[in-house]
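# Dropping a prediction and its sequence here:
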Amino acid sequence: MQNYLPIFILIPLAGFLISLVLPKNDEGKISFTAFGTLGVQLLVAILFVANWLGLGAPDWQMTGWILFKNSDYVFQLDFLFDYITSVYLLVGAILTFLVTLYSRYYLHREPGYKRFFNTTLFFYMGYSITILAGNMETLFIGWEMLGISSFLLISFYRERYLPVKNAVKVFSIYRIGDVGIILAMWASHHLWHQNITFSQLNNAELVHEHLQTHSFIGVFISLMILVSASAKSAQLPFSSWLPRAMEGPTPSSAIFYGSLSVHIGVFLMLRTFPFWEHQISIRILIAAMGLITAVIATGIARVQSSVKSQIAYSSIAQIGLIFIEISLGFEKLALFHFAGNAFLRTYQLLVSPSVVSYLIREQFYHFEPKDKTVEDSFPDKIQNTLYLLCLKEWNLDSIMYQYLWNPMKWAGNKLNFLTVKRLIGIFVPILIGIFVIKEGNYFSNEWTLYMPVILGTIGLIFVLKSFTQRRSLRLSWILVIINHITIALAISFNESYDSKETWIYLSGILVAGLIGYACIMRLFRLEGKILLNRFHGLSEEHPKIALVFLLACLGLTGFPITPTFIGEDVIFSHIHEDQFALAAVVSLSFILDGLSIMRIYARIFMGPNSKTHTEFSNRYF
Amino acid sequence: MTTTHKGFHVEHVLHELKHYLPAQAPLMDFVHHNTLHAFQHLPFHEALRKAQTTLGYQVYLSIDQFRELYHSKRINDDILNNVIEKKKGAKKTTQWKYKLLHQDLDDLPNPRIGALRGQWKKVYNIDLDSMVHPNLFRLISSYLDQGISIWHFPIENKSFLEAIKELEKKSWVSLFKGKRAKNMLLDDHTTLEDVLSILVGSHPHLYEQYLFDQQFAHQGWSGMVSTVEDLPQTLLDRRQISLHDLIMLECLLEIDTIDYLLSDGWIGIGNTLENPLPSLLDPIEHSEVMEILSIFQEAFEWTYYDQVLAGIQQESKVSKTKGPKSFQGLFCIDDRECSFRRYLESIDPQCDTYGTPGFFSVEFFYQPIGGKFYSKLCPAPVTPKYLIKEIGDEKKREKDLHFSKHSHNFYTGWIISQTLGFWSALKLFANIFKPSMSPATASSLRHMDKFSTLQVDYDALFQQENGLQIGFKIDEMANRVEGMLKSIGLVKDFAPIVYAVGHGASSVNNPHYAAYDCGACSGRAGSVNARVVSQMANKPEVRAILRERGIDIPHETIFVGALHDTTRDEVVFYDDEIKDDFYVKLHAQHVKVFEKALDLNAKERSRRFESINTELSPKEIHEKIRLRSVSLFEPRPELNHATNALCLVGRRELSKGIFLDRRSFLNSFDYRVDPEGNYLLNILKAAAPVCGGINLEYYFSRVDSEKLGAGTKLPHNVMGLFGVANGIDGDLRPGLPSQMTEVHDPIRLLLIVEHFPDVVLKTIQKSAETYEWFINDWVILASVHPETKEIQVFEKGEFHPYHPINKQLEHIREIESLLESNQENFPVYLIQQD
């Protein structure tokens, strides 16, 4: 039976591929493909789970394909099916099935009808990969797909300003979660000295034995997992992205941000529970984070005057409680709670437009001029302070700007001397020089020790510039490519490793980089020079270039469509366990790479079209 | 924007701003109005040009859309030639036609709004909107909130700005980042001039422009604040907010943000201008593109008007059916009743139908049993002095725990999500596969209980409540019934039963539900009015007075109230008052006629709905239409007034023989009853703003769904129960969602009056307000000579004869097969008479 596990990925994959080639205006076929796919998935899942229960609900592990292997690193696809997967599989299939049926009429005549179902199926495929994953590497593939599809769903109304802005915002938080997982994988590679599967984590002795000798690295891994899970499940301090993700059509907000997407962090915690089970400090931390989130998010939910943000914060509060339940070891309760919360919030969001007629009727018949709430018993000053804090979402949204993005922008602005000419004229020869010197073994040992961090930092500066500069499109694109090359060069100082691995890493980058560059040049020819200082919204006029460029962007960010995805993991496996500075620099580079590239994509192809919208036109709708 | 003085007067500028801001009331009181009411003092095309250039609205279809309409023959070539010739002269016709159809055109003129405030971005690279708007919107929304938040705004009974001050004073956290703005807020002497002189510098002549830029960057919120300031009663839980307060707070937040970003000091934006910007007040330059669009617009309109006018002339004179009447039905003038009446008449040729505004000339406030407030049941501009109460026992209203506030607290939510959560999955499943009525549905039937009693009579014991007279006195009743009957020309030949049929709608998941109900009842169902007018007309005392005034309602005639649900195509009769066996039998026969007509009407409506196969039998289709109204996933429960284009004021025979495809408001009127045009004046006073308002709201929401319409409703998020926005940080979206307007052809209303042109001319000149609609061409007026059928069109203050280009319209015999043919708008057909 376990060898049939990939079927739950192949069904959505087939549906997704079919949905891609259907004609844009054939609503019937498009929606039929979507709910048909989900219907089959649901049916197969029910039969599968019934059968599995009949066999006594065993944990099934399936080792899939080895995609890459060297002396000390293996990248392989693994699948796992246990009670956690079964609940996530069923809840996900039921909700997605119902919501695709719902959207079939709801989205009628919407210009993005096909795009909506394409993205939904793609999302669902990512979801399935994530919940069936048997190891971190496989999970990471699904994880990345969830991130991109979220970006595309939030910016579904790509011709408007706010959805695009918020999509980039959410993507930036997700990117933090991605890097959390990369670092967790890096550290666990050094902890286990082999590829570990989730089912091996259930072997308490094995885990215990390794953690005893490496308690610090164990804590580090747990923390990275917690960061990733918190980002994806909108726990503090990342909570403010969830209400802002409610920009797409109501059904997509309902299913993704009300239920499935936002509970993936919970899944990660459940999946890795055996790993941190014995780290009491981590468990206390998780419970504390969950409790603070529950309390604060409830406060914020209570003051919301818009129905969707209220549901979003209530959902966050419940997920905080689920985190507590997991930390206490009540996994079954957490799963039950997840399912209930997912169904409830999906339904609440779907019926949210009805709130006007319902509550106005309530108000008409039951209005009390002095309706007291618990907060009215607080002293005035405490009441007002808490109210204002909740109204400003405890500054969660601005904190992200103030302490994360603004310092980066500030640093980026200090690099104004970097122009395309100088960049190519000065830095490229230097990099080539370093490469030549290195190949000739002219570096002293001491230099070899420091070179990776130095080069990594130079790479980080490149990408910082790429992310923050507001003018040249080409410069930003080239800087990202050079950043990748610099990182490859930096890692190559670490040890003499197979140059084949460098090529695995760089092949995707170079191909994607060249294709993207060609797209940019073609656009320049058609549209004149495009600057990064505003949105241009060109996807309607150049849908084909937009699609190709999107693929190039994905390739350049290390999305699992090119070998670069594997290359990234390989690169990390060559960072030594004591090189925390290098790991930090490289992972920061990866975060910024992704952001810079998605920003470029959004600026060129999304937002209000610059020809029909003047610079000062109202953007806040 | 009308005066040219150089200084700055706060009151004047606020007044100007309020004039131009959207005037849409909260969702509950959604009433259609001319979106560009502020420009109505100007002729239509000039007004549109001004609105485009100053405020940046899209006011016509795009040139590509017009050319497409021309190529698909929806714009008639001859008519296009005529329009060009009339506007540009015969010599230039060829040249202009080439421009219209083929020439590459310049872009539309650049809008002026936003340029001054845009300097922040240009000069200082500051994106003020993204720093200020989210906090500002949230504060207003929380202050105005009617019941979404659980923890209400903590300062009660204070005006907005005072409440903000109090909040700022008594709190450890501040709304502001720096000291300056905070101190200015707390200083009671701070004036708008003070804050503007900081933001703009000492250039008072720029203040007005700055405030227009600032407020039109979020016209939705500003418009809501301005409306609530003027009409505080539109929120059940009232609030004291004013545009002044909003501007003051916004300016302070702007100062604070700039202080924070430019901590080294900065100067007002007016000082950075190198060249003067075009002011909003400057005259509008001529624009060829706009002229081309206006020509296309007229050609598009006249292509349709011409068919209608031709139809009216060519229609074979239908003689009024002889013999006794089976029943008479009084309906709302609403365009949605147009086809329903046609079916009633064709199923039962002995019946007559009439159209009158759906409040049936009785204006009052209504209080249902247990209601804590009154709802107004008459056109929005009227303020009634009467109160009608429902009497009886309070009924239980169903609850839906999904809207319960307990699910939002983490402790109660813990229980609810693990219990009710699973129930929601079942409910969702049920609604997708078998939709049914639920507490979440906004149903027209909930407006009034069918079996309750209404207090219609004035009772000397309980005369007044909150300044309103409870019930009507006999002479007050007689005046109203007389007014209604005379205006529609029903003064003799009464049938045994006269039905007064109000209308309402049912929908779910629809924040704009009030827009679907009767506009003449302020966005409520018309059931109460229908019952009240029937009870009045049934009173012997009232009839006695009416008899003296020339209306002899025979003893054998009874009036019965009813409600037509336009979404579900169902009619509820308030018939428990029919006691006599004779009437019970008669009524039962009529009910059958109604049911058949409703099935057919459902079928006619269904041709626009993708999800329903129009070839099915009327009964099957009707069942699907009912399901549609309660389906959560259906964003178009009905199409409301979409495609409306006409308003006919005249006898039913005027249009009985032409197929108008549900595009016409029908107001009954008999010139013989009203030779002087006195009742006509009342009709036009109501029809021009009501039908014209509906028509223009559809027009502008259709041509600019971004700024004047609400855009697609799929991502809408309900704010505070009074408005919708996209996402959580967006501006409010007044206007109509695109799902309501997408099939609408944006053309102005053609109002056709059956009377002598000189009487019509005299009549419209009696009321300056009404005259403005016609003289400025916001509504096109035509008269039909009641005897010769000669058509005259009102233009530049006079009536001119019009000879339709369409010489012979097509006849149709089978409406059903026509309906099944396609989804698009039909041309005008003559209905074959046997």
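Great, that's in hand. Predicted model only: the values in this text are computed from it and were never measured.

# The residue of the stretch 401-550 of chain A found nearest chain B: how many residues sit nearby?
Using Cβ to the nearest Cβ, the closest approach of the stretch 401-550 of chain A to chain B is made by A:Arg470 at 8.6 Å. Quick note: C-beta positions are derived from backbone N, CA and C, even for glycine. Neighbourhood size, A:Arg470 [other Cβ atoms under 10 Å in any protein chain shown]: 14.

# Pop out the phi and psi values for the nearest residue to it once chain neighbours are set aside.
Among residues not flanking A:Arg470 along the chain, A:Asn533 sits closest, at 4.7 Å (Cβ to Cβ, 6 or more residues apart in numbering or on different chains). Backbone geometry at A:Asn533, expressed as degrees, to the nearest 10, gives phi -80, psi 0.

# correct me, but A:Asn533 touches A:Arg471?
Yes. Look at A:Asn533 against A:Arg471 with Cβ atoms under 8 Å: they come within range, at 6.4 Å.

# how about the residue nearest to B:Asp449 when sequence neighbours are not counted, phi and psi?
What sits nearest to B:Asp449 in space, not counting adjacent residues and going by Cβ to Cβ, 6+ apart, is B:Lys395, at 6.3 Å. Main-chain dihedrals, B:Lys395, degrees, to the nearest 10: phi -100, psi 160.

# Can you tell me the SS state at the residue of the stretch 401-550 of chain A closest to chain B?
At A:Arg470 the chain is in coil, as set by DSSP: H, G, I helix; E, B strand; the rest coil.

# Pull up the gap between it and A:Phe549, please.
According to Cβ to Cβ, to the nearest Å, A:Arg470 and A:Phe549 sit 19 Å apart.

# Same check on A:Lys421?
Distance from A:Lys421 to A:Phe549, by Cβ to Cβ: 25 Å.

# where in chain A is pLDDT low?
A:370-371, A:420, A:442-444, A:496-498, A:614-621 (pLDDT under 70).

# Show me the longest helix that occurs in it.
Using DSSP state H to define each element, chain A has its longest helix at helix A:161-192.

# what's it packed up against?
Under the contact criterion of 3 or more Cβ pairs under 8 Å, 6 or more residues apart in numbering or on different chains; DSSP states H and E, helix A:161-192 touches helix A:136-154, helix A:204-213, helix A:215-232, helix A:241-244, helix A:564-573, helix A:580-605.

# Next, the angle helix A:136-154 makes with it.
Put simply, helix A:161-192 runs at 180 degrees to helix A:136-154, going by axes from the mean of the first three to the mean of the last three Cα atoms, to 10 degrees.

# sorry, back to before: determine which stretch of the helices and strands packed on helix A:161-192 is the most buried.
helix A:241-244 (a mean of 27; mean count of other Cβ atoms under 10 Å in any protein chain shown).

# Hmm, A:Phe117 is touching A:Phe32, no?
No. Applying Cβ under 8 Å as the test, A:Phe117 and A:Phe32 come out as separate, 9.8 Å apart.

# Comparing the two, which shows the higher neighbour count?
Neighbours per residue (other Cβ under 10 Å) separate A:Phe117 from A:Phe32, with A:Phe117 holding more: 26 against 18.

# Counting neighbours, show which residues of the helix or strand containing the more buried one come out buried.
Using DSSP states H and E, A:Phe117 sits within helix A:113-132. Applying a neighbour-count criterion of 16 or more other Cβ atoms under 10 Å in any protein chain shown, the buried positions in helix A:113-132 are A:113-132.

# so which of those residues are also by chain B?
By Cβ under 8 Å from any Cβ of the partner chain, no member of those lies near chain B.

# What count of nearby residues applies to residue 514?
Just so you know, I chose chain A. 12.

# Chain B is the one I meant
For B:Ala514, the neighbour count with other Cβ under 10 Å is 24.

# For the stretch 1-150 of chain A, which segments count as helices?
A:7-21, A:27-54, A:83-106, A:113-132, A:136-154 (DSSP state H, counting those that start in this stretch).

# who touches the first one?
By Cβ atoms under 8 Å, 6 or more residues apart in numbering or on different chains, the residues outside helix A:7-21 that reach it are A:30, A:33-34, A:36-38, A:40-41, A:44-45, A:48, A:89, A:114, A:117-118, A:121-122, A:124-125, A:128-129, A:132.

# can you map out the helices along the stretch 451-600 of chain A?
A:473-492, A:499-527, A:543-556, A:564-573, A:580-605.

# Those into CSV, with extra columns for distance to chain B?
CSV is the format used below for these (distance: least, Cβ to the nearest Cβ, whole Å):
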stretch, distance to chain B
helix A:473-492, 18
helix A:499-527, 15
helix A:543-556, 18
helix A:564-573, 32
helix A:580-605, 14
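
# how about those in a markdown table, adding distance to A:Ala204?
What follows is the helices of the stretch 451-600 of chain A, written out as a markdown table (distance: least, Cβ to Cβ, whole Å):
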| stretch | distance to A:Ala204 |
| --- | --- |
| helix A:473-492 | 35 |
| helix A:499-527 | 35 |
| helix A:543-556 | 39 |
| helix A:564-573 | 26 |
| helix A:580-605 | 28 |
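
# Share the number of residues neighbouring the residue of the stretch 101-250 of chain B found nearest chain A, please.
Minimum separation of the stretch 101-250 of chain B from chain A (Cβ to the nearest Cβ) falls at B:Gly114, amounting to 3.0 Å. Neighbourhood size, B:Gly114 [other Cβ under 10 Å]: 22.

# Tell me if it really is in a helix.
No. Assessed with three-state DSSP, B:Gly114 is coil; it does not lie in a helix.

# where's it relative to B:Gly220, distance?
Taking Cβ to Cβ, one finds B:Gly114 at 15 Å from B:Gly220.

# Can you pull the residues of the stretch 1-150 of chain A lying near chain B?
A:27, A:94-95, A:98, A:101-110.
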